[in-house]
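# Fold the following and give me the result.
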Amino acid sequence: METIICKGCNKIYNEPLSLSCGDILCRNCLGEQCKICNQTITCTILNKTVKSYIDSLLVKNCSNHNDQENNNTSSKKSTSYCLQCQSFNNLDQITAIHTYH
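Presented below is the predicted three-dimensional model:
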C-alpha cells in the first residue's frame, strides 16, 4: 500500500507526479522544492504507472454508497478502495462490513 500513499500528505496520490529528483508527490503537494528530499524541482511528469495502479484499486463509492443503477460492483471479487469509506475492502464483503453512511 505504500506505493499509493503520497509522502507529502500521507493520503492516496491525487494525480501522482514524478519529480526531477526522482520522488513522487501529488499535484496538491507540489511546491518549488520536493517535500521529501528538499531538492529544487525543475520538471514534473504525470506518473501513469502509479495512476493506473491506483485507478485499478479505487471505487468511487462502494455498494453502500451506490444508487440502484450503479450497484453492479458488488459482484466483483477484488479488493478496492472506497473513497467515501476511506478503506480497502473486498467488494463482495463491503455491504457486510460497513454500516450505512
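# Just list whatever residues bridge to Ile12.
Ile5 (DSSP bridges).
# That one: neighbour count?
17 (other Cβ atoms under 10 Å). Where you see a C-beta, it was placed from the backbone N, CA and C, and this is true even at glycine.
# Touching, it and Ile54? I think so.
Yes. With contacts counted by Cβ atoms under 8 Å, Ile12 reaches Ile54, the gap being 6.3 Å.
# Overlap of the contact sets of those two?
Ile4 (Cβ atoms under 8 Å, 6 or more residues apart in numbering).
# Please enumerate residues in contact with stretch 8-25?
4-7, 26-30, 34-37, 39, 41-47, 50-51, 54, 58, 81.
# Revised request: answer the last question for stretch 32-43.
Here stretch 32-43 has contacts from 7-8, 19-21, 23, 25, 29-31, using Cβ under 8 Å, 6+ apart.
# buried sites along it?
By 16 or more other Cβ atoms under 10 Å, the buried positions in stretch 32-43 come out as 34-36, 41.
# Pull out the C-alpha coordinates of stretch 48-61 and format them as PDB.
Below are the C-alpha coordinates for stretch 48-61, written out as PDB (Å, rounded to 0.1, in the frame of the first residue of the first chain):
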ATOM      1  CA  LYS A  48       1.000   7.000 -15.400                       C
ATOM      2  CA  THR A  49       2.100   3.700 -13.900                       C
ATOM      3  CA  VAL A  50       1.200   4.800 -10.300                       C
ATOM      4  CA  LYS A  51      -2.000   6.500 -11.600                       C
ATOM      5  CA  SER A  52      -3.100   3.300 -13.400                       C
ATOM      6  CA  TYR A  53      -2.400   1.200 -10.400                       C
ATOM      7  CA  ILE A  54      -4.400   3.500  -8.100                       C
ATOM      8  CA  ASP A  55      -7.300   3.700 -10.600                       C
ATOM      9  CA  SER A  56      -7.400  -0.100 -10.700                       C
ATOM     10  CA  LEU A  57      -7.900  -0.200  -6.900                       C
ATOM     11  CA  LEU A  58     -10.300   2.700  -6.500                       C
ATOM     12  CA  VAL A  59     -14.100   2.600  -6.500                       C
ATOM     13  CA  LYS A  60     -15.600   6.000  -6.100                       C
ATOM     14  CA  ASN A  61     -18.400   4.500  -4.000                       C
END
